[in-house]
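Novice: Below is the structure, and that's it, no one-letter string:
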């Protein structure tokens, strides 16, 4: 079955120049699937093009929560540390809708209250709901990004009766993570788990049948100074094996079965 990185950014400027080598190292580490997440129409298009060249790459088409209101933030003079041309919310949602049949999943999408001011939360929620409905209509799972608005995101997902959900790099309280798992959602653990008390705790206490592995590469490397890439999923699997007292093969089996339940296919 192999290992899967359920949340990567292979089109990021830090990875794309040598992405063939990055993918080669992932294969050598035992990965059979890398879900590369788009952030906006331009990035989604690049993700589709990359997936067409590399079958190991599965395209998740999304609209990053900050990007859904970035035009308004720029107009209000709110600083955001990313050099990205703003896209109108309607245009970003339209791209996902028009290309959703090519998508392996819809994501990353969600709510962000760290960068986005409260005055724009309602607009951000409107975009989130619209994107979730696109996924539901197309019977696609969603990949959620939340920051400082985890509980509200869960409320909206319950309101819309969404069940096929992976929460990537969950930054809320572990008690809320347990509630999310009880709803039948999945949570993916990134490659910096060894140096994160929160992610270690999630690996130790959350139901194993609700856990997946990710990198969020090029971010969240096992070594803070290094660029992250999908191959490091193997290290997270080894860490999970230590915590669970099982073999690495057992971790691969469990996470592959979880992957298959969420995405409808084996990794």
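Specialist: Perfect, thanks for sending it. Keep in mind it's a predicted model, so treat the numbers as computed, not measured.

Novice: So which residues of the stretch 1-150 of the chain form strands?
Specialist: Here the stretch 1-150 of the chain has its strands, by DSSP state E, counting those that start in this stretch, at 3-8, 31-37, 57-61, 105-112, 142-147.

Novice: contacting residues around the next helix or strand along the chain from the last one?
Specialist: Think strand 142-147. Sequence-wise, the next helix or strand downstream of strand 142-147 (DSSP states H and E) is helix 150-159. By C-beta atoms under 8 Å, 6 or more residues apart in numbering, the residues outside helix 150-159 that reach it are 110-111, 125, 128-129, 132, 144, 146, 165, 170-172, 176, 179-180, 183, 185. Glycine gets a C-beta too; all of them are placed from N, C-alpha and C.

Novice: quick one: strands adjacent to the helix or strand just after helix 150-159?
Specialist: Next along the chain after helix 150-159, taking DSSP H and E as the criterion, comes strand 165-168. Partners of strand 165-168 in the sheet, by DSSP bridges, are strand 142-147 (parallel), strand 186-189 (parallel).

Novice: just how off-centre is strand 165-168 within its chain?
Specialist: 6 Å (C-alpha atoms, centre = their mean, to the nearest Å).

Novice: Identify each buried residue in the helix or strand just after it, please.
Specialist: Note on strand 165-168: by DSSP H and E, the next helix or strand toward the C-terminus is helix 174-182. Residues of helix 174-182 classed as buried by neighbour count (16 or more other C-beta atoms under 10 Å): 177, 180, 181.

Novice: will you turn these into TSV that also has pLDDT and distance to residue 9?
Specialist: Formatted as TSV, the buried residues of helix 174-182 follow (pLDDT from 0 to 100; distance: C-beta to C-beta, whole Å):
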residue	pLDDT	distance to residue 9
177	98	23
180	98	23
181	98	25
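
Novice: Can you tell me which of the residues you listed is nearest residue 67?
Specialist: Using C-beta to C-beta, residue 180 is the member of the buried residues of helix 174-182 that lies nearest residue 67, at 23.7 Å.

Novice: which ones are touching that closest one?
Specialist: Neighbours of residue 180 in contact, by C-beta under 8 Å, 6+ apart: 154, 167, 170, 187.

Novice: Check residue 168 too.
Specialist: Neighbours of residue 168 in contact, by C-beta under 8 Å, 6+ apart: 6, 7, 37, 107, 108, 143, 144, 145, 188, 190, 214, 216.

Novice: May I see the residues you listed organised as JSON lines, with distance to residue 243 and neighbour count added?
Specialist: Converted to JSON lines, those look like this (distance: C-beta to C-beta, whole Å; neighbours: other C-beta atoms under 10 Å):
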{"residue": "6", "distance to residue 243": "19", "neighbour count": "32"}
{"residue": "7", "distance to residue 243": "20", "neighbour count": "29"}
{"residue": "37", "distance to residue 243": "26", "neighbour count": "30"}
{"residue": "107", "distance to residue 243": "27", "neighbour count": "30"}
{"residue": "108", "distance to residue 243": "26", "neighbour count": "26"}
{"residue": "143", "distance to residue 243": "24", "neighbour count": "28"}
{"residue": "144", "distance to residue 243": "24", "neighbour count": "30"}
{"residue": "145", "distance to residue 243": "25", "neighbour count": "25"}
{"residue": "188", "distance to residue 243": "16", "neighbour count": "29"}
{"residue": "190", "distance to residue 243": "15", "neighbour count": "25"}
{"residue": "214", "distance to residue 243": "17", "neighbour count": "27"}
{"residue": "216", "distance to residue 243": "20", "neighbour count": "22"}
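
Novice: Please identify which of the residues you listed is nearest to residue 58.
Specialist: Nearest to residue 58 among the contacts of residue 168, with distances taken as C-beta to C-beta, is residue 6, at 9.1 Å.
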